[in-house]
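# predicted model follows, preceded by the sequence.
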2 protein chains.
Amino acid sequence: MDRPSRSAGTVRPGGRTARVRAAVLEATQDALVEHGFHALSMDQIAARAGVGKTTVYRRWGTPAGLVTDLMNELANQSAPHSDTGGIEGDLRANALMVLEAINDPRLGATFQAVIAAATGDEEAARALRTFYRRRIDEWAAVVDLAVARGELPPGTDGKELIKAVSAPLYYRLVVTREPVTREAALASVDRALAAARAGAFVAETV
Amino acid sequence: MDRPSRSAGTVRPGGRTARVRAAVLEATQDALVEHGFHALSMDQIAARAGVGKTTVYRRWGTPAGLVTDLMNELANQSAPHSDTGGIEGDLRANALMVLEAINDPRLGATFQAVIAAATGDEEAARALRTFYRRRIDEWAAVVDLAVARGELPPGTDGKELIKAVSAPLYYRLVVTREPVTREAALASVDRALAAARAGAFVAETV
């Protein structure tokens, strides 16, 4: 399997510092999934990870600090963009990856917990923003490749197009609370692509 | 001004029961905006509203029960769909209404608090789902009118098109945590409409 791990606990082995970090991030993700951000306790994370409290406080500071490091690790472990040779294939690969992540019990619950945390905590909001910025930047490259191949109009905004593919899926997940299905993911690609081909993602001032 | 009130506390006056409800919903919204769903306490709501605890427990049962009634009231007070005579005007009216609601300090914070609550509470999730279903159903009518006028292809799915206008705005609000701007709202209309005109919102089996 070449898909990324669904858990931050499988961070690459290294020295003791890396092992401590892996255990702490795994415990953080467990706690987020089970009880949400509001119940996150530094002491419980330390106990769960089998690591001294002092280490956890010194290295991560706050629950939001733990969440920030977790989101960084999840971004590090995420798959690079596809390169199927066509924009439809690449956007489908993107939508299906988002679909899989959202519907993965552990990863989906992690995202939802951090989305909830971000509504009331500026540091969690920053962690969320950084995570999605990294993922969007990574996948925007497939749009640039499509423009270079002549598949999409010059000036098409890759970041906006990648966001347009994901937006309806997250909207269903956290706003309308509808099932996020494969049909919804593929329809999102068809709609975003139709708009892109019509030039609706070309920046006003190129 | 014919825009809907931004606060559930301005529910129409009536008898004592209606006044109690207005006071309790106002206190619920205050508490949600200030401290979020996790800090919602029935006793504090009662005290804040100047209403007996027994009444609050008997009538609303749980914090999620309060949130459900608040969301019902906010849906009742929301504006009916526009009828500008053209689909572009109607979708712009919809997007600008969503924009205004999201950026209204009190209403936007209320939505974010309930979105956060829904990630961990099934009753809050149901309240959220019902609220958006009502709003989407209301505005889907403008798409049916456009199809009848010949502006959009027969079989265009009104609910999906209305959701496609809102999705990028909520995605910015709670996922990528970017500013939700007038430009983003108008771009969302342009993109959804381009896709709709290309037939990308026609249900597979009409």
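The structure has been received and is ready for your questions. Numbering: from 1, shown residues only, chains lettered A, B, ... in the order given.
# these two touch, right, residue A:178 and residue B:133?
No: Residue A:178 sits out of contact with residue B:133 when judged by CB atoms under 8 Å, with a separation of 9.1 Å. C-betas here are computed from N, CA, C, even on glycine.
# so residue A:70 is in contact with residue A:29, correct?
Yes: assessed by CB under 8 Å, residue A:70 is found in contact with residue A:29 at 5.9 Å.
# what about the helices in chain A?
Ranges of helices in chain A, per DSSP state H, are A:16-35, A:42-49, A:53-60, A:63-77, A:87-103, A:105-118, A:122-148, A:158-170, A:182-197.
# would you format these as a markdown table with mean pLDDT included?
Shown next, in a markdown table, are these (pLDDT from 0 to 100):
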| stretch | mean pLDDT |
| --- | --- |
| helix A:16-35 | 96 |
| helix A:42-49 | 97 |
| helix A:53-60 | 97 |
| helix A:63-77 | 97 |
| helix A:87-103 | 98 |
| helix A:105-118 | 97 |
| helix A:122-148 | 98 |
| helix A:158-170 | 98 |
| helix A:182-197 | 98 |
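# nearest to residue B:16, out of those?
helix A:105-118 (36.6 Å; CB to CB).
# and the angle from the closest one to helix B:105-118?
150 degrees (axes from the mean of the first three to the mean of the last three CA atoms, to 10 degrees).
# contact partners of helix A:105-118?
A:6-7, A:29, A:32-33, A:36-38, A:64, A:67, A:70-71, A:74, A:101-102, A:124-125, A:127-128, A:131, A:173-174, B:115-117, B:119-120, B:174-175, B:177 (CB atoms under 8 Å, 6 or more residues apart in numbering or on different chains).
# switch the cut-off to 7 Å
The contact list for helix A:105-118 (CB atoms under 7 Å, 6 or more residues apart in numbering or on different chains) reads A:6-7, A:29, A:32-33, A:36-37, A:67, A:71, A:101-102, A:124-125, A:127-128, A:174, B:116, B:119-120, B:174-175, B:177.
# relative to residue A:180, how far out is the nearest residue to residue A:147 once chain neighbours are set aside?
Closest residue in space to residue A:147, ignoring its immediate chain neighbours: residue A:156 at 5.4 Å, by CB to CB, 6 or more residues apart in numbering or on different chains. Residue A:156 sits at a distance of 26 Å from residue A:180 (criterion: CB to CB, to the nearest Å).
# ok, back up a step: ok, which of the helices of chain A comes nearest residue B:92?
helix A:182-197 (16.0 Å).
# ok, now which ones touch the residue lying closest to residue A:30 once chain neighbours are set aside?
Take residue A:30 and drop its neighbours on the chain: the residue closest to it by CB to CB, 6+ apart is residue A:48, 6.7 Å away. Applying CB under 7 Å, 6+ apart, one finds that residue A:48 lies in contact with A:27, A:30-31.
# could you pull up the contacting residues of residue A:171?
Contacts of residue A:171 by CB under 7 Å, 6+ apart are B:163, B:166-167, B:170-171.
# what's the farthest-apart pair in the residues you listed?
B:163 and B:171 (11.6 Å).
# do you know how far residue A:151 is from residue B:105?
In terms of CB to CB, residue A:151 sits 43 Å off from residue B:105.
# more neighbours, these two?
residue A:151 (17 against 9; other CB atoms under 10 Å in any protein chain shown).
# these two touch, right, that one and residue A:87?
Yes: counting by CB atoms under 7 Å, residue A:151 touches residue A:87, with 4.8 Å between them.
# ok, residue A:176 touching residue B:130?
No: because the distance of 10.0 Å does not satisfy CB under 7 Å, residue A:176 is recorded as not touching residue B:130.
# okay, these two: which has more neighbours?
The neighbour comparison of residue A:176 against residue B:130 (other CB under 10 Å) goes to residue A:176, with 20 against 15.
# list the contacts of that one.
B:129, B:132, B:163.
# what's the pLDDT at it?
The per-residue pLDDT reported for residue A:176 equals 98.
# mind listing what residue A:16 touches?
Neighbours of residue A:16 in contact, by CB under 7 Å, 6+ apart: none.
# no further queries at this time; thank you.
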